[in-house]
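*Asks:* need coordinates for the following:
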Amino acid sequence: MISLLFNCATKPNQNPVLMKARSKVVEVVLFEVNPGYSQKEAEKALASLNDVLKLYYGFIERTTAKNGDGKYIDIVYWSDMKSAKDAATGIMKNDIATSAFSIIKQESVQMHHFDTFNHFEE
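*Replies:* Presented below is the predicted three-dimensional model:
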C-alpha cells in the first residue's frame, strides 16, 4: 500500500532521489573549443570531466551542449554556492580536468554561478 502511494506521487520519468536533492546553485559556463580539435575529440574531452566532477561534494548533475556556431554550454547543478565555488577552484588542480580544459579557448570562457529561486517540472 505504501509503495502504491509513493509510486502515485511521482511521475514515471522522475527520480525521487533527485527530487529531494534539488539544486540551490546553477553553474553556467559558455565557451568555444580551440581550432584544430574535432567535435568528437571535444566531446570526449568534455565527457571526461564527468568522472572528476562527481567526486566533488555538492555535485548533483551536469549537462553539456553545443550549437551550430561552435559555442558550448556546460550547466552544472550544485547543492550550495560553497560547494560550487570550492569545486571551481579545486578542479584546476586536477590533471584529468586540466587536460580536458586544454581544448577550450580560454579567452572565450564565461563562467557564472546563480542562486536558484524557481524550479518547474511537469
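*Asks:* what about Ser26, neighbour count?
*Replies:* For the record, residue 26 is Val, not Ser. When neighbours are defined as other C-beta atoms under 10 Å, Val26 has 17 of them. Bear in mind the C-beta positions are built from the backbone N, C-alpha and C, glycine included.
*Asks:* that one touches Tyr77, doesn't it?
*Replies:* Yes. Using C-beta atoms under 8 Å, Val26 makes contact with Tyr77 at a distance of 6.0 Å.
*Asks:* after whichever strand or helix holds Glu27 comes which helix or strand?
*Replies:* Assigned by DSSP states H and E, Glu27 falls within strand 25-32. Note on strand 25-32: by DSSP H and E, the next helix or strand toward the C-terminus is helix 39-47.
*Asks:* contact partners of that next one?
*Replies:* Val33, Tyr37, Thr64, Lys66, Tyr72, Asp74, Ser99, Ala100, Ser102, Ile103 (C-beta atoms under 8 Å, 6 or more residues apart in numbering).
*Asks:* restricted to buried residues, select the residues you listed in PyMOL.
*Replies:* Entered in PyMOL, the line below selects the buried ones among those, by 16 or more other C-beta atoms under 10 Å:
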select buried, resi 33+37+64+66+72+74+100+103
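*Asks:* quick one: which two of the contacts of helix 39-47 are the most distant?
*Replies:* The span of these, defined through C-beta to C-beta, is set by Lys66 and Ser99 at 19.7 Å.
*Asks:* phi, psi of Thr89?
*Replies:* Phi and psi for Thr89, reported as degrees, to the nearest 10, are phi -80, psi -50.
*Asks:* hmm, I was thinking of His112
*Replies:* phi -140, psi 150.
*Asks:* offset the numbering so it begins at 32, please.
*Replies:* All set: I'll call the first residue 32, so the last point we hit is now His143.
*Asks:* I'd say it and Asp105 touch.
*Replies:* No. Using C-beta under 8 Å, His143 makes no contact with Asp105, being 11.1 Å away.
*Asks:* what is in contact with the two at once?
*Replies:* Common neighbours of His143 and Asp105 (C-beta under 8 Å, 6+ apart) are Glu58, Val59, Val60.
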